[in-house]
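A.B. asks: Build the 3D model from these lines:
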Amino acid sequence: MKDLKMLDLKNIKIGDNSLISEKVNIIIEDTLKYQWEALNDHVEGAPKSGAINNFRIAAGEISGEYYGRVFQDSDLAKWLEAVSYSLALKNNEELEGLMKEAIDLVVKAQWKDGYLDTYFTINEPTKRWSDLRDKHEMYCAGHMIEAAVANYEVTGDETLLNVARRLADHLCSMFGPEPEKRHAYPGHEEIELALVKLYHATSEKKYLDLAHYFIRERGKAPYYFKIEALARGGLKAEELFYSEPFRLSSKQLFKKVNLDGLWKPERLDYCQAHKPVTEQEEAIGHAVRAMYLYSGMADVAMDAGDDELAEACKRLWNDVINRKMYITGGIGSSSFGEAFTFAYDLPNDLAYTETCASIGLIFLAQRMFKMEQDAKYINVMERALYNTVFAAMASDGKEFFYVNPLEVWPEACHKREDHKHVKTERQKWYDCACCPPNIARLLIMIPEIKTDKTAKIS
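C.D. replies: So this is what the prediction gives:
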């Protein structure tokens with residue numbers, strides 16, 4: 001299996017007067033500073049974020065209550081990744097100072113055992129890892145690990161990388177195939193591809209092994225998410241999971257939960273856990289989760305030499321591209337579950353096509369190109385980039401689309417319930433603000449993502 005090596009971002013020059021250089025410069029000069037203000041709740045008229053305050057509370061710097069979605073930490077992590085990459089392209093003392101301020105908060109918020117998640121630190125410290133399906137701990141961990149690797153690669157500073165290593169070591173101590181560990185996997189994928197990046201940065205094979213395990217364990221019976229649901233409904237979380245040392249093995253857990261009649265719980269297909277990934281024939285469920293999973297599968301396939309995973313990636317890619325992708329490179333047509341539905345169900349006006357889903361498709365396309373070096377993957381990458389991701393950000397870099405339908409009738413958006421997800425104007429921020437910082441980090445990475453044999457991108 002061939003593996004195409006990408007050029008270091010610091011060795012790439014962006015050509016002047018190009019669309020890409022225009023977008024990248026907007027991100028560096030305006031968007032990243034604007035997003036820092038949004039994360040600090042300083043943008044007038046924008047929904048509150050709470051992300052920075054959550055870290056300040058978790059770090060013990062201020063008192064207060066957690067605010068936002070359970071995955072709010074990921075917004076700061078993606079911003080940190082974007083800022084780190086931006087410093088490889090252009091020195092900026094103001095952004096560097098803000099980055100160091102944020103990293104200091106992250107360091108202070110981390111538990112002694114390596115755990116890092118402000119929602120549980122503030123709200124439910126005794127219930128860590130008790131709801132892997134819905135509480136996004138590994139999703140947030142994955143984004144923080146990606147930020148740490150980017151920061152280390154650009155600056156050479158190991159402060160945030162050490163946070164990531166301690167966090168990943170904590171995961172390695174909790175999850176895996178060993179009998180004393182939890183035989184589980186995340187509801188929202190992301191940690192898989194992040195662990196591969198950490199493996200590349202540190203050469204610690206245990207991180208690759210854990211990524212491989214999460215992917216291969218996914219979808220196996222007995223279904224772990226069902227066990228969790230039964231546990232939450234019948235036994236106290238601390239009885240199940242939190243006797244010292246904050247873990248119970250799957251074997252011990254099975255003894256405490258009645259597994260009679262156990263079968264697939266609800267929402268398994270929503271998070272691609274309805275069957276083992278190597279048996280999956282079509283893209284199904286939440287589109288962003290699917291793209292992050294398939295990207296992690298491709299990474300592991302290449303690094304671990306898992307040909308069966310590689311074949312699954314090709315099969316799932318073909319289903320997405322040939323049956324479930326809009327002409328714009330948008331994917332995930334349904335607002336219900338932000339999900340794939342069925343082949344050729346691609347309505348123009350009801351399209352959800354979340355920006356993050358197209359970003360995930362670009363990540364997957366990059367990996368598939370590394371795997372096979374076929375231009376068809378670059379064609380899809382550029383289709384999604386130019387028609388969805390570029391369009392999702394305003395020309396000033398300070399307003400964003402979350403969904404990207406092909407047809408918008410403003411009156412329908414205001415009066416029809418099934419069109420409520422469609423915005424007629426880009427927004428300053430969102431209550432669920434995964435897309436704005438994801439756009440920023442992707443556009444900053446464009447030179448690296450698009451690299452072939454040349455070091456100049458125009």
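A.B. asks: And residue 149, how close does it get to residue 84?
C.D. replies: According to CB to CB, to the nearest Å, residue 149 stands 9 Å off from residue 84. (Each C-beta comes from the backbone N, C-alpha and C, glycine too.)
A.B. asks: Which one's more surrounded, those two?
C.D. replies: residue 84 (28 against 23; other CB atoms under 10 Å).
A.B. asks: can you pull the contacts of the more buried one?
C.D. replies: Contacts for residue 84 (CB atoms under 8 Å, 6 or more residues apart in numbering) come out as 99, 147, 150-151, 153-155.
A.B. asks: Ok, residue 321 next?
C.D. replies: Residue 321 touches residue 380, counting by CB under 8 Å, 6+ apart.
A.B. asks: part of a helix, is it?
C.D. replies: Yes. Using DSSP: H, G, I helix; E, B strand; the rest coil, the assignment for residue 321 is a helix.
A.B. asks: model confidence over stretch 222-232, on average?
C.D. replies: Averaging pLDDT along stretch 222-232 gives 76.
A.B. asks: Dump that stretch to CSV, keeping only the CA atoms.
C.D. replies: Provided in CSV are the C-alpha atoms of stretch 222-232 (Å, rounded to 0.1, in the frame of the first residue of the first chain):
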residue,chain,number,x,y,z
PRO,A,222,-22.7,-7.1,22.8
TYR,A,223,-23.3,-3.5,21.9
TYR,A,224,-21.6,-1.3,24.4
PHE,A,225,-24.0,1.6,24.1
LYS,A,226,-26.9,-0.6,25.0
ILE,A,227,-25.0,-1.7,28.1
GLU,A,228,-24.4,1.9,29.0
ALA,A,229,-28.1,2.7,28.6
LEU,A,230,-29.1,-0.2,30.8
ALA,A,231,-26.6,0.8,33.4
ARG,A,232,-27.9,4.4,33.5
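A.B. asks: List the buried residues for it?
C.D. replies: Buried residues in stretch 222-232, counted by 16 or more other CB atoms under 10 Å: 223-231.
A.B. asks: Turn those into TSV, columns for secondary structure and distance to residue 173.
C.D. replies: Output for the buried residues of stretch 222-232, formatted as TSV (DSSP: H, G, I helix; E, B strand; the rest coil; distance: CB to CB, whole Å):
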residue	secondary structure	distance to residue 173
223	coil	23
224	helix	18
225	helix	22
226	helix	24
227	helix	20
228	helix	19
229	helix	25
230	helix	25
231	helix	21
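A.B. asks: Give me the subset of the contacts of residue 84 lying in helices.
C.D. replies: Using DSSP state H, 99, 147, 150-151, 153-155 are the members of the contacts of residue 84 that sit in helices.
A.B. asks: Select from those residues the one having the most neighbours.
C.D. replies: Busiest of these [other CB under 10 Å] is residue 147, holding 31 neighbours.
A.B. asks: Name all residues that make contact with that residue.
C.D. replies: 77-78, 80-81, 84, 160.
A.B. asks: related to what we said a few turns ago, among the buried residues of stretch 222-232, pick out the one closest to residue 119, please.
C.D. replies: Taking CB to CB as the measure, residue 119 lies nearest residue 228 of the buried residues of stretch 222-232, at 16.8 Å.
A.B. asks: My guess is the closest one contacts residue 129. True?
C.D. replies: No. Using CB atoms under 8 Å, residue 228 makes no contact with residue 129, being 9.6 Å away.
A.B. asks: Residue ranges in the stretch 201-350 of the chain under the pLDDT threshold?
C.D. replies: Along the stretch 201-350 of the chain, the parts satisfying pLDDT under 70 run over 232-266.
A.B. asks: so what's residue 63 up against?
C.D. replies: Going by CB under 8 Å, 6+ apart, residue 63 touches residue 57.
A.B. asks: Columns distance to residue 20 on top of the buried residues of stretch 222-232, output as TSV?
C.D. replies: What follows is the buried residues of stretch 222-232, written out as TSV (distance: CB to CB, whole Å):
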residue	distance to residue 20
223	44
224	42
225	41
226	46
227	47
228	44
229	46
230	50
231	49
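A.B. asks: Give the buried residues for stretch 185-205.
C.D. replies: So for stretch 185-205, counting by 16+ other CB under 10 Å, buried means 185-199, 201-202, 204.
A.B. asks: what's the spacing between that stretch and its chain's center?
C.D. replies: Chain-centre distance of stretch 185-205: 11 Å, with CA atoms, centre = their mean, to the nearest Å.
A.B. asks: Show the end-to-end separation of it, please.
C.D. replies: For stretch 185-205, the first-to-last residue distance is 19 Å (CA to CA, to the nearest Å).
A.B. asks: returning to what we had before: columns pLDDT and distance to residue 48 on top of the ones in helices among the contacts of residue 84, output as a markdown table?
C.D. replies: Shown next, in a markdown table, are these (pLDDT from 0 to 100; distance: CB to CB, whole Å):
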| residue | pLDDT | distance to residue 48 |
| --- | --- | --- |
| 99 | 98 | 22 |
| 147 | 98 | 22 |
| 150 | 97 | 27 |
| 151 | 98 | 27 |
| 153 | 95 | 32 |
| 154 | 96 | 30 |
| 155 | 96 | 31 |
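A.B. asks: now, the most widely separated pair of those residues?
C.D. replies: 99 and 153 (13.9 Å).
A.B. asks: And the helix or strand hosting residue 360, what does it pack against?
C.D. replies: Using DSSP states H and E, residue 360 falls within helix 355-372. Helices and strands touching helix 355-372, by 3 or more CB pairs under 8 Å, 6 or more residues apart in numbering; DSSP states H and E, are helix 287-304, helix 307-323, helix 375-384, helix 435-449.
A.B. asks: returning to that earlier point: return the closest of the contacts of residue 147 with respect to residue 112.
C.D. replies: residue 160 (17.4 Å).
A.B. asks: Give me the subset of the contacts of residue 147 lying in helices.
C.D. replies: 77-78, 80-81, 84, 160.
A.B. asks: Residue 393: which of the helices and strands packed on helix 355-372 is closest?
C.D. replies: Nearest of these (CB to CB): helix 435-449, 5.3 Å.
A.B. asks: Average pLDDT for the closest one, rounded please.
C.D. replies: Average pLDDT, helix 435-449: 89.
A.B. asks: okay, the angle between that helix and helix 375-384?
C.D. replies: If you take axes from the mean of the first three to the mean of the last three CA atoms, to 10 degrees, helix 435-449 sits at 140 degrees to helix 375-384.
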